[in-house]
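Engineer: Give the three-dimensional model of this entry:
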Amino acid sequence: VIDKPQGLTSHDVVAAARHALDENRLGHTGTLDPLATGVLPLAIGRATRLVKFLTASDKDYDATIRFGMTTDSYDVTGAETSRTDLVPSHDALLAAVETLTGDYLQPPPPFSAKKIEGRRAYRLTRLGQSVTLKPVPVRVPRADLLEFSGGRVRVALTCSAGFYVRSFAHTLGELAGTGAC
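Structural biologist: Model prediction:
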């Protein structure tokens, strides 16, 4: 189990572990964005066959979402696409979070590793091509507001595999009428 630091991709962590352990059969159990920190379980050797079972289980996230700003990547590292001084009311925020709880179709962010005709969406987006990805079914059994102040909210999420916290933030901002990342 690796405590992934900010700035590294999941692939970077796997490459470092392969080198350190001198083992080619090594994989991770779910992709974390470079901005994300936290637990990244790795499977080594024969255990890599178990990855498909681990990736199917629910995940927990603690995310900070900033309102009043949108970006092309749906996170603070992307190019800014809009900005406002508007901040959602607590009631608007609760209603938006309730909409994003349960089972629904979530559109992946354009900067994602999803493939379109064999090419990664983030590569196409970086080349300036417009990318539209099919929404995927996700499940969010828990979305708890932990803190809300200064145009930011901290939320605890339990979600299914394939869920994007960045897309959750983006859609939350749309529903709240302020934009968010």
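Engineer: So which bits of the helix or strand of the chain with the lowest mean pLDDT are buried?
Structural biologist: Ranked by mean pLDDT, DSSP states H and E, the weakest helix or strand in the chain is helix 51-55, scoring a mean of 76. Residues 51, 55 are the ones in helix 51-55 that count as buried (16 or more other C-beta atoms under 10 Å). Any C-beta I mention is one placed from the backbone N, CA and C, and that applies to glycine too.
Engineer: and what of stretch 1-19?
Structural biologist: Buried residues in stretch 1-19, counted by 16+ other C-beta under 10 Å: 2, 4, 8-10, 13-14, 17-18.
Engineer: Show me what the least confident helix or strand of the chain is in contact with.
Structural biologist: Residues outside helix 51-55 that contact it (C-beta atoms under 8 Å, 6 or more residues apart in numbering) are 27-30, 41, 43, 161.
Engineer: mind checking how far the residue of the chain most remote from its centre is from residue 28?
Structural biologist: Most distant residue from the mean C-alpha position of the chain: residue 22, 30.1 Å away (C-alpha atoms, centre = their mean). Using C-beta to C-beta, to the nearest Å, residue 22 is found at 18 Å from residue 28.
Engineer: got it, and residue 20?
Structural biologist: In this view, residue 20 and residue 28 are 15 Å apart by C-beta to C-beta.
Engineer: next one: residue 129
Structural biologist: Remark: distance between residue 129 and residue 28 (C-beta to C-beta) = 28 Å.
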